[in-house]
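Asker: okay, structure incoming, though there's no sequence with it:
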Ligand code: ADP
């Protein structure tokens, strides 16, 4: 993969802050790729995005975009554009005037050309007929489409998105995520997309870059984080539950719950004598009512089609989702099997 954007050994501290906000971050993006920068609040996502855009400068390291070193260049000379969570549209201008603000100011095009490009952008963003409206007349979703349009009108080499859909309700969010993917395909637009929501990252991105406390812990395809987390932090972030201390002995995992040979697990990657956690996804329960495992329901929280239950089982409390069609009450005994595909082991 040839790098279109390359972040090399980026370090950052803020005055008055203890420790590094970013430590030795290395990341490359291919042309036309969407990479999601994912991490908990405070992990350094926005800081990294600002370093790429020129709104912040790094203490050490380089940012290279399309063969050009960006360090020291002001934001407007970087061929990047940014979309924020909160739209920064001009309230006194129309939708069209917001969208074509930058090329109008720079007199980049003749009037007819500007008008044609603005119409094409309105159409691309499903905003036909909205050009003359004031932005104050728009819904939240439409406002973010206009923000996208304003950024894309500058034809940036790289589009930077900082939690652009966080303020939207869930249905609108999914609709706009699909639209952002479509824009990526139709325009071949390279994008770096910041979010703290793993589902959003998995939905929008070709690859996910997981920031953990200012360090880039892993860059991989979204499903790899879900099926094969490499650390406890990653497992927790991607929806794994039930972290049971275990060790590897004679090719089997031994824990307080018993001994297991887990099919599908490359045990070669694990070393005898070291500590691990066996992780079990909450969706792992199957054959409910007839399985070989049994336990007592401690709590039951309905979640639509499933009920999230805490089940006391072999000396541990397991969090598992059981089908809601069997009503489960605290105190009730329940039997089930656990899908071995939804077991995983990480170092402790
Ligand atoms: P994220 O986007 O992942 O939530 P940020 O990049 O915003 O993380 O912040 C990373 C860390 O840097 C946090 O501890 C935050 O408090 C600190 N930080 C961010 N901006 C500044 C600033 N301008 N001055 C001092 N500390 C900052």
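Answerer: Thanks, I have the structure now. Keep in mind that this is a model prediction, so the values were computed, not measured.
Asker: where does the stretch 1-150 of the chain have low pLDDT?
Answerer: Applying pLDDT under 70 to the stretch 1-150 of the chain flags the ranges 1.
Asker: which parts of it sit against the ligand?
Answerer: By Cβ under 6 Å from any ligand atom, the part of the stretch 1-150 of the chain that sits against the ligand consists of 14, 17, 21, 39, 41-47. Where C-beta positions appear, they are placed from N, C-alpha and C, glycine not excepted.
Asker: neighbour-wise, which of those leads?
Answerer: Comparing those by number of neighbours (other Cβ atoms under 10 Å), residue 39 comes first, having 27 neighbours.
Asker: for this protein, what spans make up the helices?
Answerer: Assigned by DSSP state H, the helices in the chain fall at 45-53, 95-99, 101-105, 111-124, 140-152, 170-187, 198-204, 222-227, 232-237.
Asker: tabulate those (CSV), appending distance to residue 308.
Answerer: CSV is the format used below for the helices of the chain (distance: least, Cβ to Cβ, whole Å):
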stretch, distance to residue 308
helix 45-53, 29
helix 95-99, 44
helix 101-105, 48
helix 111-124, 41
helix 140-152, 30
helix 170-187, 19
helix 198-204, 17
helix 222-227, 18
helix 232-237, 16
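Asker: pick the most deeply packed of the ones you listed.
Answerer: Greatest average neighbour count among the helices of the chain goes to helix 95-99 (a mean of 24), per mean count of other Cβ atoms under 10 Å.
Asker: which secondary structure elements does it contact?
Answerer: Counting contacts by 3 or more Cβ pairs under 8 Å, 6 or more residues apart in numbering; DSSP states H and E, helix 95-99 is packed against helix 111-124, helix 140-152.
Asker: turn these into a markdown table, including distance to residue 5.
Answerer: Output for those, formatted as a markdown table (distance: least, Cβ to Cβ, whole Å):
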| stretch | distance to residue 5 |
| --- | --- |
| helix 111-124 | 23 |
| helix 140-152 | 16 |
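Asker: these two touch, right, residue 179 and residue 126?
Answerer: Yes: using Cβ atoms under 8 Å, residue 179 makes contact with residue 126 at a distance of 7.4 Å.
Asker: what is in contact with those two at once?
Answerer: When contacts are counted by Cβ atoms under 8 Å, 6 or more residues apart in numbering, the set common to residue 179 and residue 126 consists of residue 145.
Asker: give me the below-cutoff pLDDT ranges for the stretch 201-348 of the chain.
Answerer: The low-confidence ranges in the stretch 201-348 of the chain, as defined by pLDDT under 70, are 262-269.
Asker: and the residue of it closest to the ligand?
Answerer: At 6.6 Å from the ligand, residue 211 is the closest residue in the stretch 201-348 of the chain, using Cβ to the nearest ligand atom.
Asker: of all the helices and strands packed on helix 95-99, which lies closest to residue 233?
Answerer: helix 140-152 (30.4 Å; Cβ to Cβ).
Asker: show me what that closest one is packed against.
Answerer: The helices and strands touching helix 140-152, judged by 3+ Cβ pairs under 8 Å, 6+ apart, are strand 80-83, helix 95-99, helix 111-124, helix 170-187.
Asker: quick one: closest of the ones you listed to residue 200.
Answerer: Nearest of the helices and strands packed on helix 140-152 (Cβ to Cβ): helix 170-187, 6.6 Å.
Asker: which residue is nearest the centroid of the protein?
Answerer: Taking Cα atoms, centre = their mean, the centroid of the chain lies closest to residue 201, which sits 2.7 Å from it.
Asker: wait, it sits on residue 195?
Answerer: Yes: counting by Cβ under 8 Å, residue 201 sits close enough to residue 195 to count as a contact (5.3 Å).
Asker: which neighbours do those two share?
Answerer: Listed as contacting both residue 201 and residue 195 by Cβ under 8 Å, 6+ apart are 36, 38.
Asker: paired strands for the longest strand along the chain, with orientation please.
Answerer: The longest strand of the chain (DSSP state E) is strand 293-303. Strand 293-303 has the following sheet partners, assigned by DSSP bridges: strand 306-313 (antiparallel), strand 333-338 (antiparallel).
Asker: next, the contact list for the residue nearest to residue 225 when sequence neighbours are not counted, please.
Answerer: Distances taken as Cβ to Cβ, 6 or more residues apart in numbering put residue 238 closest to residue 225, at 4.8 Å, once the chain neighbours are dropped. Listed by Cβ under 8 Å, 6+ apart, the contact set of residue 238 reads 198, 225-226, 229.
Asker: hmm, back to that, residue 87: which of the helices and strands packed on helix 95-99 is closest?
Answerer: Closest among those, using Cβ to Cβ: helix 140-152, at 4.4 Å.
Asker: now the angle from the closest one to helix 170-187?
Answerer: Orientation check (axes from the mean of the first three to the mean of the last three Cα atoms, to 10 degrees): helix 140-152 against helix 170-187 gives 20 degrees.
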